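> here is a sequence together with a model predicted from it:
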Amino acid sequence: MKVLSITPDIDSGGAAKSLFLLARQVVAEGHEMHIISIAKPSRTKRKVEELAAMGVTVDYFDIPYFPLKLYVCPIPFVRNAKRTVRSLPVYRQLAARVRELGPDIIHYNSYTTLLIAQWLKGYPAVLHAREVMVEPTRSMPLVRHMVRRRIDEIVAIAPEEGEQAERVFGIPVTTVFNWPEKPQQLLPMPEDGPLVYAVFSHVTPVKGHLECVKACALVADELRQANVRIRLFGGRVPIHEGYYQSCVRFIHEHGLDDIVSFPGFVDNPEEEMRRIHLLIRPDTTGHSWGRDIIECMSLGRPVLAMGARDVMVKNGLTGTLVPIGDVAALAKGMVELADLNTLQKLGRNAYRFATEHFDRVDNPQRIIRRMESLVERRAQGKGRG
């Protein structure tokens, strides 16, 4: 089977990392894999080099995101619509490259890549629903039309994405959690030095870095007394530079420099995760089931998150879940979890949950089996013509 994945990114962010891991399993099972990214590498080419070593080709075409509204990625509708019109020659070039590759199936690695499907009629296609769409919006009829015309099946990364896709589009949906890059390992927590809490995400308003530092300010003395340090990992995003600066300014103005630091982007966050005691996910969307959680739980690290659904973060079991946007509750959680024995107990539970739900072989195989089945049905004359 020849798989072509069209992705919004190739070298940073959860979608890019998850695609890399899926590609690794696709190749391991003897299939052929190609990737087209609609954005060039912005930080490092390490993953591209590793893909090439696996025999996976990567092409780049500079086209805009599909103009729809996502909770995790606000996409300017008018600006992207205008850019789409200007980019029509590039879309045709991309479509020509797809015809040259001749894939058996196309895997759209995000809603944001869907617009190119307009030029790719007739291919069996799977959409990876990695985001939750804002409803209602003026773009929703276009999204629904595109998906129903061009997509055969959907793979969702969590129940909320899956439930929405099934309700909105009415086509088959399979929910498969992402999985960690490396084998799961219950690592001992560092016992010397401070208790380290960390955030791992791009620095954008929806990721909640400012909510995190505001929570630290509310309980700064308690955190100092418990010898807690908070590290904010993540790349700065040019369009959100003002947000980053506001976080830094808040830290300085409230005298938090001794307990809060901004190490910035790290190419291999899993190495830093080994050195922490607690993951904080102050995501203002409340989607408490991201790749940072999967990687940390797979190492035996509990999670303090904002959210409304206990998909992965279960109170008193794998961590603490507080209401969305509740900075005071987040601060309270930081203090209540500032105990090594408590963190170790929750970490063991988190690791157990990870081994039961984030299988590094079974989870990607479930996606690959759906693709194989779709290709086989199409070969038998079933499905779209």
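Ah, there it is. Residues are numbered from 1 along each chain as shown.
> the stretch 51-200 of the chain: strands as residue ranges?
57-60, 105-108, 125-129, 153-156, 173-175, 195-200 (DSSP state E, counting those that start in this stretch).
> whoops, the stretch 251-385 of the chain was the one
Along the stretch 251-385 of the chain, the segments classed as strands by DSSP E, counting those that start in this stretch run 260-264, 278-281, 303-306, 319-322.
> in CSV, list the strands of the stretch 51-200 of the chain along with distance to residue 70.
Every residue, glycine included, has its C-beta placed from N, CA and C. Output for the strands of the stretch 51-200 of the chain, formatted as CSV (distance: least, CB to CB, whole Å):
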stretch, distance to residue 70
strand 57-60, 22
strand 105-108, 14
strand 125-129, 11
strand 153-156, 14
strand 173-175, 17
strand 195-200, 20
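> which one of these lies nearest to residue 352?
Residue 352 lies closest to strand 173-175 among the strands of the stretch 51-200 of the chain, at 20.5 Å (CB to CB).
> quickly list the domain ranges of the protein.
Domain assignment for the chain by automatic domain parsing gives 2-179+359-379, 195-357.
> looking at those domains, which is nearest to residue 185?
Across the domains of the chain, closest to residue 185 is domain 195-357 (CB to CB), at 6.3 Å.
> mean confidence score for that closest one?
In this model, domain 195-357 has a mean pLDDT of 96.
> mind putting the strands of the stretch 251-385 of the chain in a markdown table, mean neighbour count and distance to residue 196 included?
Below are the strands of the stretch 251-385 of the chain laid out as a markdown table (neighbours: other CB atoms under 10 Å; distance: least, CB to CB, whole Å):
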| stretch | mean neighbour count | distance to residue 196 |
| --- | --- | --- |
| strand 260-264 | 16 | 10 |
| strand 278-281 | 27 | 8 |
| strand 303-306 | 27 | 13 |
| strand 319-322 | 26 | 15 |
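> residue 130: which of the ones you listed is closest?
Closest approach to residue 130 among the strands of the stretch 251-385 of the chain (CB to CB): strand 278-281, 16.0 Å.
> name the helices or strands packed onto that closest one?
Packed against strand 278-281, as judged by 3 or more CB pairs under 8 Å, 6 or more residues apart in numbering; DSSP states H and E, are the following elements: strand 195-200, helix 291-297, strand 303-306.
> and the angle from the next helix or strand along the chain from the first one to strand 195-200?
Going back to what we said before, that points to strand 195-200. Toward the C-terminal end, the helix or strand that comes next after strand 195-200 (DSSP states H and E) is helix 209-218. Helix 209-218 runs at 160 degrees relative to strand 195-200, counting by axes from the mean of the first three to the mean of the last three CA atoms, to 10 degrees.
> for helix 209-218, list the C-alpha coordinates in PDB.
Written as PDB, here are the backbone C-alpha positions of helix 209-218 (Å, rounded to 0.1, in the frame of the first residue of the first chain):
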ATOM      1  CA  HIS A 209       1.100  30.100  29.800                       C
ATOM      2  CA  LEU A 210      -0.200  33.400  31.200                       C
ATOM      3  CA  GLU A 211      -2.800  31.500  33.300                       C
ATOM      4  CA  CYS A 212       0.000  29.400  34.600                       C
ATOM      5  CA  VAL A 213       2.200  32.300  35.800                       C
ATOM      6  CA  LYS A 214      -0.800  34.100  37.200                       C
ATOM      7  CA  ALA A 215      -1.500  30.900  39.300                       C
ATOM      8  CA  CYS A 216       2.100  30.900  40.400                       C
ATOM      9  CA  ALA A 217       1.800  34.500  41.600                       C
ATOM     10  CA  LEU A 218      -1.200  33.600  43.800                       C
END
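> show residues contacting the helix or strand harbouring residue 221.
Under the criterion of DSSP H and E, residue 221 resides in helix 220-225. Where contact means CB atoms under 8 Å, 6 or more residues apart in numbering, the residues beyond helix 220-225 that reach it are 216, 230, 254-256, 258-259, 334-335, 338.
> residue 237: which of the helices and strands packed on strand 278-281 is closest?
For the helices and strands packed on strand 278-281, the distance to residue 237 is smallest for strand 195-200, at 14.5 Å, taking CB to CB.
> who does that closest one pair up with?
strand 228-233 (parallel), strand 278-281 (parallel) (DSSP bridges).
> figure out which of the ones you listed is closest to residue 121.
Across the strands paired with strand 195-200, residue 121 has its closest neighbour in strand 278-281 (39.6 Å, CB to CB).
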